[in-house]
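A.B. asks: fold the following, please.
(2 chains)
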Number of protein chains: 2
Amino acid sequence: MPRYDAPIRDMRFILQEVLQIQNYSNLPGFEEVTPDLVSAILEEGGKFAKEVLYPLNAVGDRQGCVRSDDASVKTPDGFPDAYKQLVEGGWPLLSVDPEMGGQGLPHVVNIAWTEMVSSANMAFGMYPGLTHGAFQALMAGGSDELKAKYGPKMASAEWAGTMNLTEPQCGTDLGLIKTKAVPQPDGTYKITGQKIWISGGEQDLTENIIHLVLARIEGGPEGIKGISLFLVPKYMVGEDGSIGERNACSCGGLEEKMGIHGNATCVMNYDGATGFLVGEEHKGMRTMFVMMNEARLGVGLQGLSQAELAYQNAADFARDRVQGRSLTGVKSPDQPADPIIVHPDVRRMLMDQKAFIEGARCFTYWTAFQADLQHKAPEEGVREKSSDYMALLTPVVKAYLTHKGYECANWALQLHGGSGFTREWGMEQIVRDCRITTIYEGTNGVQALDLVGRKLAANGGRAVFSFFSDVDEFVAANEGNEELALFVEGLQSIKAELQEGTMWLMQNGMSDFNNAGASSHDYLHLFGLTALAYMWAQMAKVALESKGKEPFYEQKLATGRYFVERLLPDGAAHLAKVKTGAAPLMDLEADAF
Amino acid sequence: MPRYDAPIRDMRFILQEVLQIQNYSNLPGFEEVTPDLVSAILEEGGKFAKEVLYPLNAVGDRQGCVRSDDASVKTPDGFPDAYKQLVEGGWPLLSVDPEMGGQGLPHVVNIAWTEMVSSANMAFGMYPGLTHGAFQALMAGGSDELKAKYGPKMASAEWAGTMNLTEPQCGTDLGLIKTKAVPQPDGTYKITGQKIWISGGEQDLTENIIHLVLARIEGGPEGIKGISLFLVPKYMVGEDGSIGERNACSCGGLEEKMGIHGNATCVMNYDGATGFLVGEEHKGMRTMFVMMNEARLGVGLQGLSQAELAYQNAADFARDRVQGRSLTGVKSPDQPADPIIVHPDVRRMLMDQKAFIEGARCFTYWTAFQADLQHKAPEEGVREKSSDYMALLTPVVKAYLTHKGYECANWALQLHGGSGFTREWGMEQIVRDCRITTIYEGTNGVQALDLVGRKLAANGGRAVFSFFSDVDEFVAANEGNEELALFVEGLQSIKAELQEGTMWLMQNGMSDFNNAGASSHDYLHLFGLTALAYMWAQMAKVALESKGKEPFYEQKLATGRYFVERLLPDGAAHLAKVKTGAAPLMDLEADAF
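C.D. replies: Residues are numbered from 1 along each chain as shown, chains lettered A, B, ... in the order given. I've put the predicted structure just below:
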C-alpha cells in the first residue's frame, strides 16, 4: 500500500558529491555541514516525514478543514499534534539566522528537509512553509522592533505566518487591490477589506497567526505603486510578547477545492484590523517579492516532491502487480503472470518520472545553493552571479518543475490502471494536490512572462549569458571524455537550441511584445530542459568517477542516458514553437472562441 | 458561470460539408439524412444536453451514488427523471436497426448526439453508452432467442446493459479470470465470482439490468482461450417479456473514486446466478471485443467531449475576466484592466484546445463514418478498407483523444487560475471526470500496444499502407494550390515522419518485441498528429472553397494554421523517441526503481 521513504541516497549524492557543500567551510553556516551531520539530518528528517507526516496525508485529504460558526477552523485529526512535534523538533529553525534563534545551516540543507515534508504531506507542509516565507519577508522589510517582536516566534513556527494578496477582483494583477489602510495617530493602520484564497488564514495549530497583508494606504498612488505591506496579527502582542486582544480579522469561509484539503484556504475579512507597516509606504510589492521568490522555489519543490511520492508508489506497483507476460518470453514462471515492470511502456512511464525527478532535484538544490552563495560568498563577483542566477532561474524552477511534476504524478496514476483512479491507492490524491502547484504563487504563465519579459533582459542579459558561458565552459572542459560524450553532446545541442531561442526573442520580442508572450511558455520549457541537461551532465561526470563503487552510480548513468535520449528531443519542438511568433495565436477575434 | 452549448455549427460543418453524408443516399439509413433532418437532430439533441443533462453534471459529482444495506443503489437526484426523458425521447434508438425498433440512422449521426451527452454529463452518459455497447455485443454474438428477448428493450435503453470483465487479480490480462460458469441441465449456466469496477452495475434508472459477464466454463481451457461470455439479467425475464424473479447477483459495494461520481462503479457479486451463453463456448473474447471496440470509440469521444466542455468555459472566462493590460497597449480603457484573452499565453492555451478539438472531432466522425461504410457500402473494396481503418484507428482515437483531451481540460483549468482549482467553477470536476478516460476500456498503453503489435501488421500492413496512399493522393491532388500549401506541406511532412516511424518499427519491432513496446506510445501519438493533420487539410480545403460566405470559414482556416504551426512540431520529438529502441527503457534492474 502507499508509502513514502525519503530518497536520502540521492539527496546525499547531490549535496555531498555533486555540490560538495562540505568543501565550502569558508562560508558562514557551512563550517559544520560535514557529511555526517548532513546524513544525520536527512535520516532524522526522513523518519519524521515517513512516520509522523505521511500517515496524516490521506487523513487530511478525507477530513479536510472545518470552519465553525464562531469562525474558528479545525484542521484534520492529528495535524495539531504533528505540528507540535515539528516545532518541538526545531525543524523550522534549520537554516534560520542564529540571531533569530536558528541553527544557521545552509539553505540548501533546509531544501532537502522541505522536500521531504512536501512529499509526505504537502497540505501540512504549507503551514510551516508559508510561515517561513512570511518570516523572510519580515526580515527583509520589517523594522527592528517588528523583527524583534515577531521574528523569533515565526522563525520557530510557534506562530504561523500567512500571505494575503488575492482579492476577488485581482489575483495576478495586484494593482487592482481594494483593501484599505487608514493611518492612525499612533502610527498603526486600520486595515479593511476582503482577501481570498489565504492558505492557513485560520487554523488550530498555533497560538497566534501573523498575516502579511497587501493594502492601499488611503490617498496613496493608484495601481501597483500605491500598495503597501502590513503585518496584522490575529492576536495583538504585548511589549513582553504576551498574547493580548483579538484583532479585527477573521475567517469568513473556507474554499471548496480540488485538493490540498488538509490546508485551510480561507476568505479573510479585515474589519478595521490593526496593522503595522512593513517596509516603506507604497513599496509593499518590493518586500512581498522577497516572500514570493522564496515561496516560488518552494512551490517548484512541491511539484518535484509530489512527483517523487507518486513515483515511489508507481515503482512499487510496477514490481508487485502481475499482469500479462513479457513480450520477450515469460519472466516469472512461478507466478500466473509477470510483474508489469517487464513491459517497456510501463518502464517508459517510470523512467520519464525518474529521469525528470533526479534532474529536477539537482536543479532545485543547485539553485538553492545559489541562494546561500548570494548571501554568504565572500567574493562580490560570486554573490552577483548567484543573485543573477536566483532571479533568472526562480521562474524556471517554479513553472517547469510544477508542470512536469504534475505530468509525473499523472503517469504514476496511469501506471496503476483502474487502481489509480480509486481513492484507496492514494494516486488520485497526489494528482489533485499537485494540481494547485502550476497555479499558485503566480501561475506558470506569469512565471514564463517574468522570465522572457523581465529576467532575460535584466542587466543587458547578464544572467543568461553567464549561464551560457558556464555551460560552454563545462562542455569545453569535458570534450574528449568519451564516456561522458553522450551527456556533453546532449547538453551542447539543447543549449544551442536555447541560445537560438534566446536570440530569436531578443530580436523579435522587443519589437512586438506579443512575440515574447507567445513564445514564453515554450521558451521556459526549453530553459528547463537545458538546465536539467546541465545538471545531468554534472551528475554523470561524478557518477563516472565513482563507477564500480556502488550500483547507485551505474543506475544514475542509465537514468541520465534515458534523459538525454528520451527527454531532450522535446527541445526542438519547443524551439519551433518559440519561433512561430504571435500571429498564429492572435489571428482570431475574441468572439471567435 | 459554467455552461454547455452543443457546437452545432462545427458538427454540421463536418457532417455536411466535409463528410457530405447527404451524398450517400445509396447507403441504407442515409436516404433521409438531409441537411434539414441532421440540423433538426442536432438542435433537439443540443437542447436536451444543455437543458436536461448539463444541469445535473455538478449535482452528480457532489451527491455521487449511494448504496443501501439492501444492496440497492440510488443515483443522484434528477438522474432517474432525466433517464426517463432520454428513453421517452427515443434518443438511444437513433442508429439502431429498425428490426430492433430503431430509427436506422447512420452511426456518424449518433456519434454527434453521443458527443453532446458526453460533454453535458459524462457520468450520466455512461449508463446509456454502455447499454448501447452491450446491445451491440448481443447483436453480434447472441442467439436469435436472446436477441429477440433482450434486444429491443436494450436498444431503447429501457433496460440497461453492463460489461463485466475486471476482477481483483485481472484487468488488462483477462486470461486470469476466475469467475466460474457451471453448465446446468437446462442449457443455462450458474455463474459464480466477483467482478469489480462495473459501471452502472446497479442503479435506480431501469427496471432491469442486463449484465454481460466474462467467465470460465468449468473444465474449459486455461487462459484467455477458456473465457466465455454470458448474459446475466438482474431479474429473470419470462417468455412474454415480463419481469420475474431476482437473479443471484448483487452489488457488493461502490468504489470511491476520483471522478464520474454520478456513475455507480460497483463490485458485483455473482452467487450462482443464472446466465445464458452468448456466442460459442470459450470464444467469449471475440464477442466482447465487438463491445469493446464500440466502447473504445466512445471513450475517445469522451476525451474530446470533456475537452469541448472545458474549452467553452475557458473561452468565456478569458473574455470575461479582466486582469492586467495587453502587452501592446490598453485594449479596454473603460475597464480597470483588459480581459485576459488579450494575453498571448492565454491565447496559446485556448488555441491548443481549439485546434485539437476541431481536428479530433473531424477525426472521430470520419472514423465513425467508416463504421457506416464498413457495414453498408455496396462495394466490397470499400467495406474492406473501412473495416481496416476501423481496426487500425480505434486505438488511436481512444488513446490520442483521451490523452490530449485530458491535457486540454487541464489547460482550461489552468487558464482559470485559482478559480480553476475551486469547486464552484466546475473546471476541476472536468479534470477529475476526464481522468478515467485514459484508463478504462484498455489503458492507453494497451491501445498503443494493440496498434503496434496487432493492427499495423494485420494483413501485411494493408491498413496503414492504404492510409498512406490516401494521404499521398490528397497531397498529389492539391499540390500547387497555393492557399492550401501550408496544410498540404504540413501533412506531407508529418506523414513522412509517421512513415519513417512505421518503417523503423517494421525493421526493429519484429526482431525485438521490446522495441515495439518501447516506441508504442510515441508512435501512437505520431499517428494521432498525422490523422489530425489529414483532417485539417481536408477541412481547410472545404473552408477555402467557402471563404467569404461566413466568418466561420476564416476562423476555421486560422485555427488550422495554428494546428500546423504550433502542434505539428511535436511530431519530430515523437519520431526521435520511437527510434531510440528499447535499451534506454530496459537498462535498469527492477529493484533500481
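A.B. asks: what is the mean pLDDT for the longest strand anywhere in chain A?
C.D. replies: Determined from DSSP state E, the single longest strand within chain A is strand A:265-278. The average pLDDT within strand A:265-278 is 98.
A.B. asks: which parts of stretch A:542-550 are buried?
C.D. replies: A:542, A:543, A:544 (16 or more other C-beta atoms under 10 Å in any protein chain shown). Glycine gets a C-beta too; all of them are placed from N, C-alpha and C.
A.B. asks: quick check: end-to-end length of that stretch?
C.D. replies: 13 Å (C-alpha to C-alpha, to the nearest Å).
A.B. asks: one step back: now, among the buried residues of stretch A:542-550, which is nearest to residue A:188?
C.D. replies: The shortest approach to residue A:188 among these belongs to residue A:542, at 54.4 Å (C-beta to C-beta).
A.B. asks: buried ones in the one helix or strand the closest one maps to?
C.D. replies: According to DSSP states H and E, residue A:542 maps onto helix A:513-546. Residues A:513-544 are the ones in helix A:513-546 that count as buried (16+ other C-beta under 10 Å).
A.B. asks: repeat that for stretch A:574-593.
C.D. replies: Buried, per 16+ other C-beta under 10 Å, within stretch A:574-593: A:574-582, A:584-588, A:593.
A.B. asks: tell me, which of those residues make contact with chain B?
C.D. replies: The subset of the buried residues of stretch A:574-593 within reach of chain B, by C-beta under 8 Å from any C-beta of the partner chain, is A:576, A:577, A:580, A:582, A:584, A:585, A:586, A:587, A:588, A:593.
A.B. asks: report pLDDT for the second one.
C.D. replies: Right, residue A:577. Per-residue pLDDT puts residue A:577 at 98.
A.B. asks: can you pull the contacts of residue A:573?
C.D. replies: Neighbouring residues of residue A:573 by C-beta atoms under 8 Å, 6 or more residues apart in numbering or on different chains: A:522, B:569, B:570, B:572, B:573.
A.B. asks: pick out the most distant pair among those residues.
C.D. replies: Greatest spacing in the contacts of residue A:573, by C-beta to C-beta: A:522 and B:572 (14.1 Å).
A.B. asks: re the thing from before, can you redo the contacts of residue A:573 as JSON lines, where the extra columns are secondary structure, pLDDT and distance to residue B:256?
C.D. replies: As requested, the contacts of residue A:573 are arranged in JSON lines below (DSSP: H, G, I helix; E, B strand; the rest coil; pLDDT from 0 to 100; distance: C-beta to C-beta, whole Å):
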{"residue": "A:522", "secondary structure": "helix", "pLDDT": "98", "distance to residue B:256": "38"}
{"residue": "B:569", "secondary structure": "coil", "pLDDT": "98", "distance to residue B:256": "41"}
{"residue": "B:570", "secondary structure": "helix", "pLDDT": "98", "distance to residue B:256": "36"}
{"residue": "B:572", "secondary structure": "helix", "pLDDT": "98", "distance to residue B:256": "42"}
{"residue": "B:573", "secondary structure": "helix", "pLDDT": "98", "distance to residue B:256": "37"}
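A.B. asks: distance to residue A:238 for those - can I get that in JSON lines?
C.D. replies: JSON lines is the format used below for the contacts of residue A:573 (distance: C-beta to C-beta, whole Å):
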{"residue": "A:522", "distance to residue A:238": "55"}
{"residue": "B:569", "distance to residue A:238": "63"}
{"residue": "B:570", "distance to residue A:238": "62"}
{"residue": "B:572", "distance to residue A:238": "67"}
{"residue": "B:573", "distance to residue A:238": "62"}
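A.B. asks: so which of these is the closest to residue B:208?
C.D. replies: Residue B:208 lies nearest to residue B:570 out of the contacts of residue A:573, by C-beta to C-beta, at 47.6 Å.
A.B. asks: quick check, that closest one in contact with residue B:529.
C.D. replies: Yes - using C-beta atoms under 8 Å, residue B:570 is in contact with residue B:529, at 6.4 Å.
A.B. asks: which residues of the stretch 251-400 of chain A lie near chain B?
C.D. replies: Proximity of the stretch 251-400 of chain A to chain B, by C-beta under 8 Å from any C-beta, involves residues A:255-259, A:315, A:318-319, A:323-324, A:327-328, A:336-337, A:339, A:341, A:343-351, A:354.
A.B. asks: just after the helix or strand of chain A with the lowest mean pLDDT, pick out the following helix or strand.
C.D. replies: Using mean pLDDT, DSSP states H and E, the weakest-scoring helix or strand in chain A turns out to be helix A:284-320, at a mean of 93. Going down the chain from helix A:284-320, the next helix or strand is helix A:344-376, by DSSP H and E.
A.B. asks: averaged pLDDT, that following helix. What do you get?
C.D. replies: The predicted model assigns helix A:344-376 a mean pLDDT of 97.
A.B. asks: which helix or strand lies directly C-terminal to that helix?
C.D. replies: Using DSSP H and E, the helix or strand that follows helix A:344-376 in sequence is helix A:380-415.
A.B. asks: what does the helix or strand that that following helix is followed by contact?
C.D. replies: Counting by DSSP H and E, the next helix or strand C-terminal to helix A:380-415 is helix A:418-421. By C-beta under 8 Å, 6+ apart, the residues outside helix A:418-421 that reach it are A:317, A:412-414, A:425, A:427-428, B:166, B:171, B:197, B:257-259, B:435-436, B:439-440.
A.B. asks: just the ones of the residues you listed in helices?
C.D. replies: Among the contacts of helix A:418-421, the members found in helices (DSSP state H) are A:317, A:412, A:413, A:414, A:427, A:428.
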